[in-house]
Every structure is written in C-alpha cells, then in structure tokens.
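Q: Need a 3D model of the following:
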Amino acid sequence: MPSYLAVYEDTAPFFTYSGSWVAGSSRDDRFAEQYSESSFMVTQSTGASFSFRFYGTRVEIFGSKRVGHGAYQASLDGVSSPAASGSADPGQFKTSLYSSTVQKGFHNVTLSNMEARFLDVDFVSWMASVGRDDEPLIVNTRQDNDPGFAYNPPDAWMTTPPSVGTFSGSNGQSVGDADVQGYVQNPIFLEFNLKPFVH
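A: Presented below is the predicted three-dimensional model:
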C-alpha cells in the first residue's frame, strides 16, 4: 500500500479542541509569523485537550516550546506517555511536541495541558497510505486553472489573492465575500480553509 506524509494545519476540520482554546494571532503574539502559515491554536487552561483520529503509522504533533509554556501529556489509544515540558528559552517553533510509530491502522491521539500555562498546536503529520499493497503511489497535482475546476459565480473570484507568490505555482483563486479560500490539502480530498480573506 503506497504511503505518503500527510500534513494538516491546526485548523483541519477533523481536529477536536476541548476546553478553552483560541486562535493565535499577531495582535496578541509578536512571534505568530514563526508558526506554519502564521496559524496556531493556544490554550492556558489546565485540562484543555487536542485530539484526533487517524489511519496510518508514524504520527507527530508540532507546536512551540517557549517561556510561559508548561507541562503537557500525550496519549495514544488510551495509553499515556510521560508528561513533557513545553518550556524553552530561547523559544523553539515548529518543533515536535509528541511523536510515535505504530502499526498501520486507526489510532486516537490526545494532547492535554497539565498546567495553567501555555500549550499550542501548530500542525500535525502522519504517514498515511492509500490503495493496495502492490500499487505504486501516483501523485497528480492540479493547479487552480485546471479545466476540471469551476468557480461560480466567475466574477466573484480573484486570480491574484494576497501572497499569491507563496502559493504552489504562484497562482491561485480567492473569493472575498464569503471569506473562503479553496486549496488541495492532499491527494485524497479537496479541503476549504475557512479563514478571513486578509491573512
């Protein structure tokens, strides 16, 4: 079965945040640009948790370790790992908070804040697989101007969204009225990023 590294930002719709979490922003954190896509979720509440279910093998949760961050604990399929410290000076960004290698299958992961100090989540990755064991992985990338995509109504979409130079192929489509931007997240499905138009 072909394997590939699946990477998901903190805003993926299948992540569950329990307790008091807020989206990090440059208004509140001058280091926000150090995070992947300048996006992260953060809590300062004891017992707040972040959880998800995945199908694959190696899994890894990324965040930051900084002054003001405290202890956290991860569990995989109900088995808890030893508590770890999120404190570091100088700060470390896009750093691994937890990783584990497991047998291929469905697994549940939870990351819990152990203190009334900061814990943040930046992005998550795992080795996923698709197809049969004897098949090669064929990756087909389609740009936004592929004739297979339709944008309706056409005059509502712009072909020069903010920071378009950072997009794959340096081109993209955006719509401002609904604050929705679409993008291909991985080879399996099309996901929409529900964020404000201005990043």
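Q: Span of stretch 54-70 from start to end?
A: Terminal residues of stretch 54-70 are spaced 26 Å apart (CA to CA, to the nearest Å).
Q: List the buried residues in that stretch.
A: 54, 56-57, 59-66, 69-70 (16 or more other CB atoms under 10 Å). From N, CA and C alone the C-beta is placed, and that goes for glycine too.
Q: isn't residue 63 right up against residue 39?
A: No - checked against CB atoms under 8 Å, the pair residue 63 and residue 39 is beyond contact range at 11.7 Å.
Q: Show me the buried residues of stretch 54-70 that map onto strands.
A: The strands, defined by DSSP state E, take in 54, 56, 59-65 from the buried residues of stretch 54-70.
Q: hmm, back to that, now, which of the buried residues of stretch 54-70 sits nearest residue 166?
A: residue 62 (19.4 Å; CB to CB).
Q: Just to check, the closest one is in contact with residue 95?
A: Yes - taking CB under 8 Å as the definition, residue 62 is a contact partner of residue 95 at 6.5 Å.
Q: Would you state the helices of this protein in chain order?
A: Counting by DSSP state H, the chain yields no residue ranges for helices.
Q: Would you mind listing where it has pLDDT under the threshold?
A: Within the chain, the stretches with pLDDT under 70 are 1, 137, 176-199.
Q: before we move on, back to that, which neighbours do residue 63 and residue 39 have in common?
A: Taking CB atoms under 8 Å, 6 or more residues apart in numbering as the criterion, residue 63 and residue 39 both touch residue 122.
Q: any idea how far residue 146 is from the spatially most distant residue from the centre of the chain?
A: Centroid-distance maximum for the chain: residue 155 at 30.8 Å, with CA atoms, centre = their mean. From residue 155 across to residue 146, the span is 20 Å (CB to CB, to the nearest Å).
Q: ok, back up a step: closest to residue 140 among the buried residues of stretch 54-70?
A: Nearest to residue 140 among the buried residues of stretch 54-70, with distances taken as CB to CB, is residue 56, at 20.8 Å.
Q: what's the distance between the closest one and residue 5?
A: For residue 56 relative to residue 5 (CB to CB), the value is 9 Å.
Q: just residue 132 next, same as before
A: In terms of CB to CB, residue 132 sits 20 Å off from residue 5.
Q: The two: which is more packed in?
A: Shown here are residue 132 and residue 5; by other CB atoms under 10 Å, residue 5 has more neighbours (12 against 8).
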